[in-house]
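1. Give me the fold of what follows.
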Amino acid sequence: MTDFMHYILCICFAFMGSIEIYGQEVVMSQPVSVSLEVDYKLIGQYGDNTYLYRQTDHSVLIQCFNRKLESEWTREIDLRKQKLLPVKVIGGSYGFSVFYYQYKKGYTNVLIHKFNTLAELKETVVVAKFKGCHQISSDDIVSSSNRTKCLISKKGARRELAMAFVDLNKLDKSIQVIYTFSDLNLNKDYRQLLVNNEGVGFLVCAHHGRLKRIDGSYLKCIALKADHSVEPFKIRTAPGMRFQKMKFTFDEANQALTGAGVYSLKANTADGVFYCRVNFLDKPVFSQIPFEESFVRKVTGRLKKQSINAYGLEARDVILRKDGGILLVLEQNISYGSLVESSEYNSTHPNTKKEDFLSENVLLVSMHPTGLLHWNKVLHKKQSSFNDNGRFTSFFLLKGNRNLKFIYNDGAQPFSEILEYTVSAHGNVERNLLPAENRIIQPELKRGIQTSANELIAVSSRNQKLRLLKIRYD
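-> Next comes the predicted model:
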């Protein structure tokens, strides 16, 4: 991409606009009032329609936008009669499902409203019942890559995990299972739960031994099936190694559980990355790749040798390669919170929480299926915001057919620009200014959705007004 793309556009959008410049098309919707909403989320694109999920204190609204992002209609579901608490929305080829939970007769019921591609409510089914009163969060519900299978989990005692296997095409066929693990403490060792397209669940745990113990640490990958069968694989590591943030996914093409993450040899330091690949048939592949000194200097920005701080380093994504290798995406995110006491004697809010959010560099590590390093890169950025839960920080990853695009706001202010890093399969990086006028709106890019290989849609909310922004690459 050439230098003329770095000029700032002089064309301003009014309440709705569309413009095509230098091979990119940008479309913006009219503002929608969200004064009563407590949450909103893009569901997906079905044909020419894009569905937006909006949640208030007592109802759920499904709003439809056409291809030009013009609002077509809005449907409301009242939740007060059944006392439903919304949790999550999962969109698939069949349509989409809205998950709720409710307390009833000493049990916590999980329900699903299933909609077709026309956003018509087709059925409501109770898919799980957990004894006692539990709060269900979005992290307790995971779905497969094709969005047809999902797992609903709830940790009981230290060694118990209650799960419901749900087929989103056959909601009445859900199965509940309680697993007990004698050698794990789920409160400490639990890392991630995921499910593949066949409905098999996978539990990833990391155990840290004492620094001077011979047994050291180990990574445990467990296959969980609805018939109560369990297939564990334990991978021992060197003494003193501690696992930090990690991310796993299931490679459907090669039928293997694949993941990577950060490890440390000293307290609060990130000393390298690890690669793990388990197919539950052959010997697992596990490797450790220490950070090179030149790579550490690019991250820290200092000439003197200094370790990377593990605090705030998040494993954002694991991108599968066709040969079984992966690209690990890490990001530095830190939040600082404090309580400010009110100076008024009779104040109804004596303490006010203030929080700063700092989102910095993106670290990319490409690894071969053998666990050897292919290449690593640092995408430099620095974003900060205050008391907004970091809505305008971080990035959106657009996965194209030939490259990856990391799109992010240069700042949290309304007049900040939108930038992008384009990364090829061989690690070549280009940084460009996105040709879009963003003085009127600023997208929450990390909450956007990818609708095709060259298109994304994001939301933006300011002053109780919400807009949709579509960016399409030719």
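2. pretty sure Ser294 belongs to a helix, no?
-> Yes - according to DSSP: H, G, I helix; E, B strand; the rest coil, Ser294 belongs to a helix.
3. and the gap between it and Leu373?
-> According to C-beta to C-beta, to the nearest Å, Ser294 and Leu373 sit 13 Å apart. No exception for glycine: its C-beta is placed from N, CA and C like everyone else's.
4. Specify which residue of these two has the higher count of neighbours.
-> When neighbours are counted by other C-beta atoms under 10 Å, Leu373 comes out ahead of the other of Ser294 and Leu373, with 17 against 8.
5. Bridge partners for the more buried one, pull those for me.
-> Here Leu373 sits in beta bridges with Met367, as judged by DSSP bridges.
6. Please verify my assumption that it contacts Val365.
-> Yes - judged on C-beta atoms under 8 Å, Leu373 makes contact with Val365 at a distance of 7.2 Å.
7. which neighbours do those two share?
-> Ile289 (C-beta atoms under 8 Å, 6 or more residues apart in numbering).
8. buried ones in stretch 66-75?
-> Neighbour counts over stretch 66-75 (16 or more other C-beta atoms under 10 Å) mark Leu69 as buried.
9. Name the residues that touch it?
-> Contacts for stretch 66-75 (C-beta under 8 Å, 6+ apart): 16, 18, 27-30, 32, 48-50, 61-65, 119, 468, 470.
10. Next: stretch 297-306.
-> Under C-beta under 8 Å, 6+ apart, the answer for stretch 297-306 is Glu293, Val296, Ile308, Asn361, Leu363, Val378.
11. can you check stretch 467-474 too?
-> The contact list for stretch 467-474, computed with C-beta under 8 Å, 6+ apart, reads 23-32, 42, 50, 52, 65, 69, 398, 400, 405, 407, 434, 436, 441, 443, 454-461.
12. show me where pLDDT drops low in the stretch 301-450 of the chain?
-> 304-305, 338-353, 414-415, 435-440 (pLDDT under 70).
13. and with 90 instead?
-> Along the stretch 301-450 of the chain, segments meeting pLDDT under 90 span 301-312, 322-324, 334-358, 383-392, 401-402, 410-418, 432-443.
14. any chance you could map the strands in it?
-> For the stretch 301-450 of the chain, applying DSSP state E, counting those that start in this stretch gives strands covering 308-309, 313-320, 326-341, 351-367, 373-379, 383-386, 396-399, 403-409, 418-424, 429-433, 444-452.
15. just how off-centre is the first one within its chain?
-> The reference is to strand 308-309. 22 Å (C-alpha atoms, centre = their mean, to the nearest Å).
16. go on, the second one?
-> Distance of strand 313-320 from its chain centroid, counting by C-alpha atoms, centre = their mean, is 9 Å.
17. likewise the fifth one?
-> Going by C-alpha atoms, centre = their mean, the spacing between the C-alpha centre of strand 373-379 and its chain's C-alpha centre is 21 Å.
18. That one packs against which elements?
-> helix 293-300, strand 351-367, strand 418-424, strand 429-433 (3 or more C-beta pairs under 8 Å, 6 or more residues apart in numbering; DSSP states H and E).
19. just the first one next, same as before
-> Packed against strand 308-309, as judged by 3+ C-beta pairs under 8 Å, 6+ apart, are the following elements: strand 269-270, helix 293-300.
20. For Leu111, which of these is the nearest?
-> Of all the helices and strands packed on strand 308-309, strand 269-270 sits nearest to Leu111, with 41.4 Å by C-beta to C-beta.
21. The helix or strand following that closest one pairs with which strands?
-> Next along the chain after strand 269-270, taking DSSP states H and E as the criterion, comes strand 272-278. Using DSSP bridges, the strands paired with strand 272-278 are strand 256-264 (antiparallel), strand 285-290 (antiparallel).
22. Export those as CSV, with columns for mean neighbour count and mean pLDDT.
-> Shown next, in CSV, are these (neighbours: other C-beta atoms under 10 Å; pLDDT from 0 to 100):
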stretch, mean neighbour count, mean pLDDT
strand 256-264, 24, 94
strand 285-290, 16, 94
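23. nearest to Ala315, of the ones you listed?
-> Judging these by C-beta to C-beta, what sits closest to Ala315 is strand 256-264, at 5.4 Å.
24. could you give the angle of that closest one to strand 351-367?
-> 120 degrees (axes from the mean of the first three to the mean of the last three C-alpha atoms, to 10 degrees).
25. Restricted to strands, list the contacts of stretch 467-474.
-> The members of those that map onto strands under DSSP state E are 24-28, 32, 42, 50, 52, 65, 398, 405, 407, 455-461.
26. Narrow these to those that are buried.
-> For those, a burial check counting by 16+ other C-beta under 10 Å picks out 24-28, 32, 42, 50, 52, 65, 398, 405, 407, 456-461.
27. Verify the contact between Tyr179 and Leu161 for me.
-> Yes - counting by C-beta under 8 Å, Tyr179 touches Leu161, with 4.8 Å between them.
28. More neighbours: these two, which one.
-> When Tyr179 and Leu161 are compared for neighbours, Leu161 comes out ahead with 22 against 19, by other C-beta under 10 Å.
29. Highest neighbour count among the contacts of stretch 297-306?
-> Among these, Leu363 has the most neighbours (other C-beta under 10 Å), with 25 neighbours.
30. ok, and the closest non-adjacent residue to it?
-> Leu330 (4.0 Å; C-beta to C-beta, 6 or more residues apart in numbering).
31. Tell me the bridge partners for that neighbour.
-> Here Leu330, judged by DSSP bridges, has bridge partners Ala315, Leu363.
32. Quick check: it vs Phe395, distance?
-> 12 Å.
33. Repeat that for Thr370.
-> Remark: distance between Thr370 and Phe395 (C-beta to C-beta) = 29 Å.
34. do the same with Gly47
-> Separation of Gly47 from Phe395 (C-beta to C-beta) stands at 28 Å.
35. what's the answer for Tyr103, then?
-> Distance from Tyr103 to Phe395, by C-beta to C-beta: 38 Å.
36. what's the span of stretch 136-148, first residue to last?
-> 20 Å (C-alpha to C-alpha, to the nearest Å).
37. in it, what counts as buried?
-> Ile136, Asp140, Ile141, Val142, Ser143, Ser144, Arg147, Thr148.
38. Of Thr370 and Phe395, which one has the most company?
-> Shown here are Thr370 and Phe395; by other C-beta under 10 Å, Phe395 has more neighbours (24 against 12).
39. so how many other residues sit close to the nearest residue to the more buried one once chain neighbours are set aside?
-> Once flanking residues are discounted, Phe395 sits nearest to Tyr408: 3.9 Å by C-beta to C-beta, 6+ apart. As a burial measure, Tyr408 scores 26 neighbours (other C-beta under 10 Å).
40. and if you look at the one 5 residues further on?
-> When counting by other C-beta under 10 Å, one arrives at 11 neighbours for Gln413.
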